[in-house]
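**Student:** Quick one: sequence and predicted model below, then my questions.
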Amino acid sequence: MLGWVPDLLTRPFLRAGAGISLVGIDEDTALVGGPEEFTVHGRQSVWLLGDGGRREYPTGTQLQLLRADRP
């Protein structure tokens, strides 16, 4: 994903303190579950981008995503 938009992490809405995160899902990969707990399935990874950084979640990993309307 960063190959397509290399300056993505420097954009104002993803910088530290903005409180916004973006989920990137690699090709041949899916994020399954919900509404708050998900599991990564497929050949590659899911990426959580925000607060000026990124974190990788490889296949088989479980992650929690909180909805914006919840604290």
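**Tutor:** Received, thanks.

**Student:** From what I see, Gly33 and Val40 are in contact.
**Tutor:** No - with contact defined as Cβ atoms under 8 Å, Gly33 and Val40 do not form a contacting pair (9.5 Å). The way it works is simple: take the backbone N, C-alpha and C, and place the C-beta from them, glycine included.

**Student:** overlap in contacts of the two?
**Tutor:** Gln62 (Cβ atoms under 8 Å, 6 or more residues apart in numbering).

**Student:** who's more crowded, those two?
**Tutor:** The neighbour comparison of Gly33 against Val40 (other Cβ atoms under 10 Å) goes to Val40, with 22 against 15.

**Student:** mind checking which helix or strand the more buried one is in?
**Tutor:** strand 37-42 (DSSP states H and E).

**Student:** elements contacting that strand?
**Tutor:** Where contact means 3 or more Cβ pairs under 8 Å, 6 or more residues apart in numbering; DSSP states H and E, strand 37-42 is packed against strand 29-33, strand 62-64.
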